[in-house]
Structures are given as C-alpha cells and as structure tokens.
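Show me how the following folds:
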Amino acid sequence: MNFPPEVAVGREGEIFTGDAPFDQPISRVQGDFRTADDAGYAASHMPRNTVFVERDRARGWMYSFQTGRGRAYTLFAYFDGRDYQVNVIAPELTGIHILPGGRIRLGDSGPASLEEAYAKSVLWAAGMDAALAGRSAPFEAPF
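Residues are numbered from 1 along each chain as shown. Down below sits the predicted model:
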C-alpha cells in the first residue's frame, strides 16, 4: 500500500495527515519503531475496547472503531510467526477485497509490528468505506 509519508492513526481510529496532535497517542504507518510489548502498545495506543483473544488458533488483539463515514469495523490483528496479519470480523464484506479467511491485504508482506498493523488497518477501512460509497479511496492502495 502506498500511503503519504506523514500519516498517523489516533486511538479511536482518527486519521491524521501532516502534523498529528501531540496531546494523544498516535500510531504511525511508516517508521522503524518496533514494539516488543504488544500488550502495553494495545493498552496505550489502540481503541479502548481492544481485547486480547484466541481466535481460530491465533492469539491477538480484537478492536472496533468507526470510520469517518460512520461505518463500524471490528478487526483482529495477530502475529502469524513471521508478520502481523489483520482479519475483518465485522462488517461482513465477502468477496470485496478480502483474502481467504477474512484477511485484509496490507502490503506485499504483513506489517512488522502491531503498531503498523493497527495503523494500516484503519487506513484500509477508510479506503474500503470510500469504495463502498462509490468514491475514490483517500489513499492509493492495491485493493
């Protein structure tokens, strides 16, 4: 996915381009920060409803947010042993830019950190909402 160099995602799914606010935790899409403490990151940077769950033999983080268009998304981010992956739990979007098992494509390989997986998944949801509304995506992405 090709995102602008200065894009960040807020704790409740807000998207910031350019200068992000300094008074709240944000997740940057690009950068080399890697967190070894996913639990700490999830508690401080992801939506307040984020919970750790075991789902389909995968352990990861389930979180929900609303896009700027008002559509609610519930996603599940997990580490598959090599990269982070994100599955769509809701809404049901079968056959529309969803890989087998409900996984969304967040680039040629999966994100290297939970931070990157969360940030890119929020941007993916914004692009999906734009596509569902018949509008162009706010970011260039190979759906």
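
Every contact and neighbour count from this point should use C-alpha atoms.
Noted.

quick one, helices of the chain?
Counting by DSSP state H, the chain has these helices, from start to end: 38-45, 114-132.

Can you say which of those helices is nearest to residue 83?
Closest of these to residue 83 is helix 114-132, at 9.2 Å (criterion: Cα to Cα).

buried stuff in that closest one?
114-130 (16 or more other Cα atoms under 10 Å).

any idea how far it is from the chain center?
Remark: helix 114-132 is offset 5 Å from the chain centroid, using Cα atoms, centre = their mean, to the nearest Å.

for residue 24, what are its contacts?
Residue 24 makes contacts with 10, 11, as judged by Cα atoms under 8 Å, 6 or more residues apart in numbering.

Now do it against residue 45, distance only.
From residue 24 across to residue 45, the span is 9 Å (Cα to Cα, to the nearest Å).

okay, and the common contacts of those two?
With Cα under 8 Å, 6+ apart, residue 24 and residue 45 have common neighbours 10, 11.
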